[in-house]
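Enquirer: what shape does this take:
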Amino acid sequence: MAFHRSSVLLRKAIGRRTAALSSSYNSSLRDSANCSDFGRWYSSSGSESKEGGTTMSAAGYHVGGGPSYMRGAVFWEKNKPLTFEDFQMPRPKANEVLIKTKACGVCHSDLHVMKGELPFASPCVVGHEITGEVVEHGPHTDSKTIERFAVGSQVVGAFIMPCGSCFYCSKGQDDLCEPFFAYNRAKGTLYDGETRLFLRNSGKPVYMYSMGGLAEYCVVPANGLTILPKSLPYTESAILGCAVFTAYGAMAHAAEVRPGDAVAVIGIGGVGSSCLQIARAFGASEIIAVDVQDEKLQKAKIFGATHAINALKEDAVAKIKEITGGRGVDVAVEALGRPQTFSQCVQSVRDGGKAVMIGLTLSGAKGEIDINHLVRRQIKVIGSYGGRARQDLPKLVKLAERGIFNLEAAVSRKVKFEEVGQAYKDLDDGNIVGRAVVEIM
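Expert: This next block holds a predicted model:
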């Protein structure tokens, strides 16, 4: 009887507590709706699904008290132009954040997908270096994430979006996150095996290259985000999530650049030019830029290059050896993704030096190495895909905020959302020096 009476009292107490929490929560929602345009509501039209015990309509899901759909740029098949399509409003799940996309960088990785050089699920939305504004959080998102990324916060997203709990993430190696590669890169989904993108009219699923940033809204796992201070602009800051993020991963984790090191960077595009700036920030004494375009080499000096080599006019390896007194550099970085430059990178380093490969290329492409040279001279050949979002992205924001990394100089072109197709064409033709960024909203 005592147990029964205790149970009754406990249920009554829980009921009162739940009612109080519900009243407080509803009051907070009303206050939020009055203070900002980020209130959300659900219509009863369209097909229904259940989430968190509440029946909601996928087709009638609204954000910001208004739109129930958005536009995105869709890649359908290789060598075909992107098309603009209407999507149902994407819905975040637990520990995911819905972002109103402000800007998205134009990267060669997207281009590799669009040309069929990197296998990827299609149709898909490409674009993987974004800035934006937090709109809402998925159901059951933990309170610390909600507090850190409050609605209305400005954020920047990393293209490697770590799960935070797999074998590698638990060791701090976010750049090797198992679900990211198993689900996003292999299947075009987030880590429950599902995309967040569905066409408005047909409901057909569309896959996501990272977060699918070339859209007006995108869903990003919270571990792939960091706060962007209001002192930094949305457009230029987008490159922090890939171009700068990739360069930092190569220089800090793979190469472990130290003050006084001699560094060569082969391929001075968006990522290569970021490598120059990071090498300078780390105190490299000699920074050698290698490319085939004089315009890029001229700009490389702004980013910190002490020497510039046009590989069409000079033997790049011989010139690097000459500059370094015959030894070679401590670190060489290949940022282009071609067998020839892969070989140049390995040949350019001193005995015991590090050749770091960050350029993606045609799937299945091979690079050749002189095995005896590798063994006898202790050459280290290291692959590096990107940085580690939780520890590195906040650091990159600080570098930019303090002016150590020059974002304005790194972004060479800003384009409208409607011009994104032409931007990728120009990138493919080699007509973009530095990085182009799409301004979306």
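
Enquirer: once you drop chain neighbours, what's closest to residue 159?
Expert: The spatially closest residue to residue 159, leaving aside those adjacent along the chain, is residue 128, at 3.9 Å (CB to CB, 6 or more residues apart in numbering). The way it works is simple: take the backbone N, C-alpha and C, and place the C-beta from them, glycine included.

Enquirer: next, name the residue at the spatial heart of this protein.
Expert: residue 159 (2.0 Å; CA atoms, centre = their mean).

Enquirer: on that earlier part again, burial of the residue nearest to residue 159, as a residue count?
Expert: Neighbourhood size, residue 128 [other CB atoms under 10 Å]: 27.

Enquirer: next up, the contacts around the nearest residue to residue 83 once chain neighbours are set aside.
Expert: The shortest distance from residue 83 to any non-neighbouring residue, by CB to CB, 6+ apart, is to residue 74 (5.4 Å). Going by CB atoms under 8 Å, 6 or more residues apart in numbering, residue 74 touches 82-85, 123-125, 206.

Enquirer: can you check residue 272 too?
Expert: Residues near residue 272 by CB under 8 Å, 6+ apart: 247, 265-266, 289, 291, 333, 335-336.

Enquirer: is it located within a helix, as I assumed?
Expert: Yes - secondary structure of residue 272 (DSSP: H, G, I helix; E, B strand; the rest coil): part of a helix.

Enquirer: and it, what pLDDT?
Expert: Looking at residue 272, its pLDDT reads 97.

Enquirer: can you list the low-confidence ranges for this protein?
Expert: The model of the chain has pLDDT under 70 over residues 1-66.

Enquirer: switch the cut-off to 80
Expert: Within the chain, the segments meeting pLDDT under 80 span 1-67.

Enquirer: what is the longest strand of it by residue count?
Expert: When the chain is parsed with DSSP state E, its longest strand is strand 96-106.

Enquirer: so how far is that strand off the chain centroid?
Expert: Taking CA atoms, centre = their mean, to the nearest Å, one finds the center of strand 96-106 at 10 Å from the center of the full chain.

Enquirer: helix or strand right after that strand?
Expert: Per DSSP states H and E, strand 96-106 leads on to helix 108-114 as the next helix or strand towards the C-terminus.

Enquirer: following the chain onward from that following helix, which element is next?
Expert: Where DSSP H and E defines the elements, the next helix or strand beyond helix 108-114 is strand 124-125.

Enquirer: and the helices in the stretch 301-441 of the chain?
Expert: Secondary structure of the stretch 301-441 of the chain, counting by DSSP state H, counting those that start in this stretch: helices at 316-323, 339-348, 371-376, 389-401, 407-410, 420-428.

Enquirer: that older thread, given the longest strand of the chain, what are its sheet partners and their directions?
Expert: Using DSSP bridges, the strands paired with strand 96-106 are strand 130-137 (antiparallel), strand 217-221 (antiparallel), strand 435-439 (antiparallel).

Enquirer: one step back: most surrounded residue in the contacts of residue 74?
Expert: Of those, with other CB under 10 Å as the count, residue 125 tops at 29 neighbours.

Enquirer: and that residue, what does it touch?
Expert: Residue 125 makes contacts with 72-75, 197, 206-209, 212-215, as judged by CB under 8 Å, 6+ apart.

Enquirer: I'd assumed residue 283 was in contact with residue 260.
Expert: Yes - when contacts are counted by CB atoms under 8 Å, residue 260 is listed as touching residue 283 (6.7 Å).

Enquirer: what's next to stretch 227-238, contact-wise?
Expert: Contact with stretch 227-238 is made by 102-105, 129-132, 148-149, 153-156, 394, 397, 400-401, 407-408, 410-411, 414, 437, 439, as judged by CB under 8 Å, 6+ apart.

Enquirer: cool, thanks, talk later.
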